[in-house]
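*Asks:* Let's see this in three dimensions:
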Amino acid sequence: MIEINNLTESKVNKALIKETLNLVLKKEGLKESSIISLALVGPGRMRKINKTYRHKNKSTDVLAFVEQKTALGKYKIGRLEKIQGLGEIIICPREVKKNAKKFKVSFEKELLKVLIHGALHLLDYNHEQSGKKAIEMAQKEAEYLEQSL
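*Replies:* Okay, here's the model as predicted:
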């Protein structure tokens, strides 16, 4: 399940966002019962979140926060047992628009790129660990972006 909370005036294609996230989940071997929350926020809110959690006092295009796992690793209440909460992706559309202009691509393409980037972080990919991991993550981003457009 993909939950989208748009706290901005930016118009986004929610169906394409859900399709793209479902593509990434499927390709990575996760079930459709996985939960991802997506929040679209303004630059002020993004700056505050970035300062609080990454100690960087500036806005950014995307942040991802992995769901905290319990000792059991998943929910254990009736039908919720098979649900896996992955976490939350936070995107600042204004930053995405700036980057789209800078890289000379459409807003939609840049949005999907950062969306995929955030989803891969939720799935434990980390470009900051090593060169090999960064290359692997970049390759997956490019592959999934191509398939989603």
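*Asks:* rest of the way, CA atoms for contacts and neighbours
*Replies:* Fine.
*Asks:* Flag the shaky bits of the protein, pLDDT-wise.
*Replies:* 31-33, 68-84 (pLDDT under 70).
*Asks:* Wait, a strand at residue 89?
*Replies:* Yes. Under DSSP: H, G, I helix; E, B strand; the rest coil, residue 89 falls within a strand.
*Asks:* who touches it in this structure?
*Replies:* For residue 89, the contact set (CA atoms under 8 Å, 6 or more residues apart in numbering) comprises 36, 37, 38, 39, 62, 63, 64, 65, 115, 118, 119.
*Asks:* Need the residues you listed in a markdown table (columns: secondary structure and neighbour count).
*Replies:* Compiled in a markdown table, the contacts of residue 89 are given as follows (DSSP: H, G, I helix; E, B strand; the rest coil; neighbours: other CA atoms under 10 Å):
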| residue | secondary structure | neighbour count |
| --- | --- | --- |
| 36 | strand | 23 |
| 37 | strand | 17 |
| 38 | strand | 22 |
| 39 | strand | 18 |
| 62 | strand | 23 |
| 63 | strand | 23 |
| 64 | strand | 20 |
| 65 | strand | 16 |
| 115 | helix | 25 |
| 118 | helix | 26 |
| 119 | helix | 27 |
